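Participant: Here's my sequence, what's the structure:
(one chain, ligands or ions: 1)
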Amino acid sequence: MSLLKLMSERYTCRRYSSEEVKEEDLLKILEAAKLAPTAHNNQPQKIYVIKSKEAREKLLTDFPYNYKAPCYLVCAYDELRLGEKLFNENGEIDVAIAITHMMLMAEELGLGTCWIGNFSAEDVRERLRLPKNEKIVAVLSIGYHREDDRPSKLHFINREDDELIIYL
Ligand SMILES: Cc1cc2nc3c(=O)[nH]c(=O)nc-3n(C[C@H](O)[C@H](O)[C@H](O)COP(=O)(O)O)c2cc1C
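Facilitator: Take a look at the predicted model:
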């Protein structure tokens, strides 16, 4: 599929089938996170795979968005890998690019994803006992679309081109 078609067909999945994510698909998705460009090639991204019942229970207790996906990826960066601070801090940007790669890879494999950003990163870090130098940026839920899954209303709201793109 062409990349543009893939991007236009992707929508956020919030209803998942109970089918497990195939190991070979998960490995390709994780590979996509590895291939993402990072500032100064720091490669600070850390992806925690939450698949087992125990790990899911740990993550999802009090988590505001339990979409009952078979797999969640907790996406963080290691502050200690950022090196000398230049003008900008790039850890979050690096992880955002890695997540975008993973979403598109998942889409190509017929899997749905939801980028979850609205939660307390501190609570999740403590629950999963991640080191303090690792900053969680988002959780990505992954799984196959349930039959009745549909895009949300927000998916269809698009701003006009001339509001987003300005030729100077
Ligand atoms: C940075 C970011 C944070 C998001 N956080 C959440 C979230 O916490 N919960 C949720 O259900 N969706 C979340 N989303 C999904 C957006 O709501 C969704 O991408 C947007 O409404 C457009 O819909 P679409 O992805 O179906 O095109 C987030 C997306 C991004 C990029």
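
Participant: The residue nearest to residue 128 when sequence neighbours are not counted - how many residues pack around it?
Facilitator: Nearest in space to residue 128, with sequence neighbours left out and distances taken as CB to CB, 6 or more residues apart in numbering, is residue 58 at 6.0 Å. No exception for glycine: its C-beta is placed from N, CA and C like everyone else's. Residue neighbour count, defined by other CB atoms under 10 Å, stands at 15 for residue 58.

Participant: And for residue 52?
Facilitator: Neighbour count of residue 52, defined by other CB under 10 Å: 9.

Participant: likewise the one 3 residues further on?
Facilitator: For residue 55, the count of nearby residues is 16 (other CB under 10 Å).

Participant: That one: which element?
Facilitator: Under the criterion DSSP states H and E, the helix or strand holding residue 55 is helix 53-60.

Participant: how about that helix: buried residues?
Facilitator: By neighbour count, with 16 or more other CB atoms under 10 Å as the criterion, the buried positions of helix 53-60 are 55, 56, 59, 60.

Participant: ok, the first one - contacts?
Facilitator: The neighbours of residue 55, taking CB atoms under 8 Å, 6 or more residues apart in numbering as the test, are residue 128.

Participant: make it 10 Å
Facilitator: If you count contacts by CB atoms under 10 Å, 6 or more residues apart in numbering, residue 55 has them with 48, 49, 71, 72, 74, 128.

Participant: how about the nearest residue to the spatially most central residue of the chain, chain neighbours excluded?
Facilitator: When CA atoms, centre = their mean is applied to the chain, the residue found nearest the centroid is residue 140 (3.5 Å). For residue 140, ignoring the flanking residues on the chain, the nearest one in space by CB to CB, 6+ apart is residue 73 at 4.4 Å.

Participant: Can you tell me who the one you found pairs with across the strands?
Facilitator: Beta-bridge pairing of residue 73, defined through DSSP bridges, involves residue 49, residue 140.

Participant: What separation is there between it and the ligand?
Facilitator: Between residue 73 and the ligand the distance is 14 Å, computed by CB to the nearest ligand atom, to the nearest Å.

Participant: Begin at 627 from now on, thanks
Facilitator: All set: I'll call the first residue 627, so the last point we hit is now residue 699.
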